[in-house]
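Trainee: Let's see this in three dimensions:
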Amino acid sequence: MSVPEQAPPIGPTEPQPGDPAQVRLDVWLWSVRLARTRSAATTDCRGGHVRLNGNPVKAAQAVHVGDEVRVRRPGVEHVYRVRRLLGRRAGAPVARGAYEDLTPPAPPQMLARPPRRDQGTGRPTKKERREIDHLRGRD
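Mentor: Residues are numbered from 1 along each chain as shown. Predicted coordinates for the structure are as follows:
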């Protein structure tokens with residue numbers, strides 16, 4: 001199974017004349033749609049789920065073009081490089097062009113479909129549960 005390629009960003013991806021020189025980290029996360037709300041972005045920063053250039057940061061930390069932002073989500077850490085600063089929430093195509101996704105691909109076992117049991121065979125045995133856990137990477 002192949003991973004679908006991401007569509008090229010629409011709109012300018014380089015800094016524009018009207019763009020700010022620096023933006024708060026929580027505002028940038030919200031404006032490029034990596035957080036649903038600005039308060040959720042602030043909460044992620046306070047919880048230690050966001051790193052800027054490898055260092056834990058507060059929500060008010062200034063972000064500049066070229067910085068590396070790491071956002072930890074359950075099961076994976078996303079890595080982004082800032083390509084453009086947005087002070088306001090933008091449309092999805094413009095927001096997608098404001099960062100470069102450097103997240104490494106998921107390991108192969110995460111892409112595999114879980115095994116299916118035939119209808120009416122009952123619950124898996126202890127041995128089968130261990131094999132399923134092994135396939136899912138939960139050793």
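
Trainee: From residue 68, how far out is the most centrally placed residue in the chain?
Mentor: Centroid-nearest residue in the chain: residue 78, 3.9 Å away (criterion: CA atoms, centre = their mean). Applying CB to CB, to the nearest Å, the value for residue 78 to residue 68 is 11 Å. Placement of C-beta: from N, CA and C, glycine included.

Trainee: Any idea how many residues pack against residue 29?
Mentor: 27 (other CB atoms under 10 Å).

Trainee: dump the residue contacts of it.
Mentor: 35, 41, 44, 50, 69, 71 (CB atoms under 8 Å, 6 or more residues apart in numbering).

Trainee: So which helix or strand of this structure has the lowest pLDDT on average?
Mentor: Least confident helix or strand of the chain, by mean pLDDT, DSSP states H and E, is helix 108-111 with a mean of 64.

Trainee: how distant is the next helix or strand after that helix from the center of its chain?
Mentor: Downstream of helix 108-111, the next assigned helix or strand under DSSP states H and E is helix 126-135. Remark: helix 126-135 is offset 30 Å from the chain centroid, using CA atoms, centre = their mean, to the nearest Å.

Trainee: What are the buried residues along helix 126-135?
Mentor: By neighbour count on 16 or more other CB atoms under 10 Å, the buried set for helix 126-135 is empty.

Trainee: mean confidence for that helix?
Mentor: Mean pLDDT, helix 126-135: 88.

Trainee: just the CA coordinates of that helix, formatted as CSV?
Mentor: Extracted C-alpha coordinates of helix 126-135, given in CSV (Å, rounded to 0.1, in the frame of the first residue of the first chain):
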residue,chain,number,x,y,z
LYS,A,126,-4.2,-16.0,24.7
LYS,A,127,-1.6,-17.1,22.1
GLU,A,128,-3.5,-15.3,19.3
ARG,A,129,-3.8,-12.2,21.4
ARG,A,130,0.0,-12.2,21.9
GLU,A,131,0.5,-12.5,18.2
ILE,A,132,-1.9,-9.7,17.5
ASP,A,133,-0.1,-7.5,20.0
HIS,A,134,3.2,-8.4,18.4
LEU,A,135,1.9,-7.4,15.0
